[in-house]
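just coords:
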Ligand SMILES: *Cc1c(COP(=O)(O)O)cnc(C)c1O
């Protein structure tokens with residue numbers, strides 16, 4: 001056993017602030033380091049604003065979720081949802097952990113191939129696959145998840161053209177007790193379309209039904225919805241066996257587990273109320289185990305968990321540009337990052353911590369981004385200690401969707417660093433420049449010359 005390192009004791013001042021029903025309000029407590037690296041140093045080296053991802057946290061999250069499902073059910077496979085965060089370095093961390101890839105577009109499919117994922121381990125979802133996309137995925141033996149009848153018919157033609165059977169699953173939507181029902185993707189369970197699609201596939205001799213898929217929604221706060229969805233898909237699978245003698249190899253329960261963010265308008269904080277992965281795992285695996293499959297027919301359980309695995313591994317560091325008083329007397333602070341790189345601030349009240357120690361005093365503050373548009377509001381109301389120009393903050397839980405949905409608008413997109421398990425900060429995407437923005441622009445010749 002290696003010798004344990006000595007760590008000197010530290011005394012930390014407790015800053016309790018106003019209490020909530022769960023005790024002290026810690027929001028205004030400073031966060032000075034991420035995985036042992038000083039926020040100040042990161043900003044000094046890579047600029048502000050800056051996205052920071054913790055590799056340690058991603059791996060921890062993945063291992064915990066994988067363990068949670070594998071302890072409860074014998075056949076489990078995760079596939080990383082590319083659109084949640086498709087920086088190649090991030091995808092590779094998940095693939096190193098054993099995750100397959102789940103993609104919803106051709107460029108994501110190509111990315112997964114380039115990242116070295118065997119094509120048979122790339123799940124191709126989404127309503128918009130062209131004939132070319134389908135042909136490629138079919139020749140590669142990637143599982144194709146059919147979204148609508150038109151796609152089903154096109155696939156039959158493609159199978160005939162290629163002269164081979166194509167492995168498919170159908171996406172199913174259903175009433176899970178959570179409204180509104182996401183019924184725009186896939187075939188509906190209750191109105192019989194899912195069963196109709198199954199029959200059409202089984203009766204064709206060109207398509208091979210290997211799986212059933214659903215993705216019931218995102219940021220789902222009720223594990224029971226997964227229990228209902230699992231039961232319905234298991235019921236379909238059992239009926240496929242009964243009616244056609246065919247064993248469905250896998251059931252893919254999609255993603256949607258809530259991350260620990262706080263939804264706007266939610267009374268309690270996300271960290272206090274969001275179900276744990278264990279609760280989702282209980283709901284899903286109990287339904288699978290109680291569905292009545294003979295042991296030899298137990299399907300593989302696929303999961304396409306996105307946000308719950310990465311959100312809390314992502315941070316956005318930024319700096320204060322200025323303070324001002326609004327006409328109604330409220331304090332306003334303008335930050336150097338806006339909604340163009342923090343898209344999820346439209347529906348979440350992100351936790352934001354100062355990156356330096358301050359006194360115990362806090363004040364209700366409106367936090368604005370730097371963009372010249374009125375909707376650039378990061379938090380409508382947050383209790384923060386006084387921040388001066390140049391002071392820094394850390395936004396929590398931005399690992400999911402912010403980077404993939406970000407855009408250059410008024411400001412360029414910041415650099416992104418991954419802190420590895422040795423505490424080294426690796427740039428995994430560079431700060432954008434004017435060249436990045438203009439790379440694909442073309443100038444008609446007659447517009448070259450201006451004369452002012
Ligand atoms: C977006 C998406 C996911 C991931 O969803 P999360 O809410 O991030 O877990 C999984 N599967 C499909 C089909 C998706 O579209």
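Cool, the structure landed. In this text the structure is predicted, and so the values were computed from the model without any measurement.

wait, isn't residue 115 in contact with residue 92?
Yes - using C-beta atoms under 8 Å, residue 115 is in contact with residue 92, at 6.1 Å. For every residue, glycine as well, the C-beta is placed using N, CA and C.

with neighbour numbers in mind, choose between these two.
Each of residue 115 and residue 92 has its neighbours counted (other C-beta atoms under 10 Å); residue 115 has more, 18 against 15.

residue contacts, the more buried one?
Contact analysis of residue 115 by C-beta atoms under 8 Å, 6 or more residues apart in numbering lists 88, 91, 92, 95, 101.

neighbouring contacts of the lengthiest helix in the chain?
Selection of the longest helix in the chain by residue count, based on DSSP state H, yields helix 223-244. By C-beta under 8 Å, 6+ apart, the residues outside helix 223-244 that reach it are 172, 174-178, 189, 194-195, 198, 202, 209, 212, 214, 216-217, 220, 246-248, 251, 253, 275, 279-280, 282-284, 286-288, 291-293, 297, 299.

out of these, which end up buried?
In terms of neighbour count (16 or more other C-beta atoms under 10 Å), the buried residues within the contacts of helix 223-244 are 172, 174-176, 178, 189, 194-195, 198, 202, 209, 212, 214, 216-217, 220, 246-248, 251, 253, 275, 279-280, 282-284, 286-288, 291, 293, 299.

which of those fall within helices?
Taking DSSP H, the ones among the buried ones among the contacts of helix 223-244 that sit in helices are 194, 195, 198, 202, 279, 280, 282, 283, 284, 286, 287, 288.

next one: the fourth one from the ligand, what distance?
Right, the one you point to is residue 202. Remark: distance between residue 202 and the ligand (C-beta to the nearest ligand atom, to the nearest Å) = 23 Å.

surely that residue meets residue 210?
No - with contact defined as C-beta under 8 Å, residue 202 and residue 210 do not form a contacting pair (11.6 Å).

following the chain onward from the helix or strand bottoming out on mean pLDDT in the chain, which element is next?
Evaluated with mean pLDDT, DSSP states H and E, the helix-and-strand set of the chain has its lowest mean pLDDT in strand 23-24, which scores a mean of 56. On the C-terminal side of strand 23-24, the nearest following helix or strand under DSSP states H and E is strand 33-34.

for that following strand, packing partners?
Contacting strand 33-34 under the criterion 3 or more C-beta pairs under 8 Å, 6 or more residues apart in numbering; DSSP states H and E is no other helix or strand.

neighbouring strands - and their directions - for that strand?
Strand 33-34 has the following strand partners under DSSP bridges: strand 37-38 (antiparallel).

part of a strand, is residue 102?
Yes - secondary structure assignment (DSSP: H, G, I helix; E, B strand; the rest coil) places residue 102 inside a strand.

what stretches of the stretch 51-200 of the chain score poorly on pLDDT?
Low-confidence segments of the stretch 51-200 of the chain (pLDDT under 70): none present.

quick check: beta-bridge partners of the residue in it that the ligand sits nearest to?
Scanning the stretch 51-200 of the chain for proximity to the ligand using C-beta to the nearest ligand atom identifies residue 81 as nearest, at 3.6 Å. According to DSSP bridges, the residues that bridge with residue 81 are residue 102.

residue 382 and residue 365 touch, don't they?
Yes - Residue 382 is in contact with residue 365 according to C-beta under 8 Å; the separation is 5.6 Å.

so which pair among the ones in helices among the buried ones among the contacts of helix 223-244 is furthest apart in space?
Using C-beta to C-beta, those span at most 35.0 Å, a distance reached by 202 and 279.

check contacts around the closest residue to residue 347 other than its chain neighbours.
With sequence-adjacent residues excluded and distances taken as C-beta to C-beta, 6 or more residues apart in numbering, residue 347 is closest to residue 264, at 5.7 Å. Contacts of residue 264 were listed using C-beta under 8 Å, 6+ apart, and they are 347, 348, 349.

what residues does this structure put near the ligand?
Taking C-beta under 6 Å from any ligand atom as the criterion, the neighbours of the ligand within the chain are 81, 83-84, 102, 104, 125, 215, 218, 254-257, 304-308, 400.
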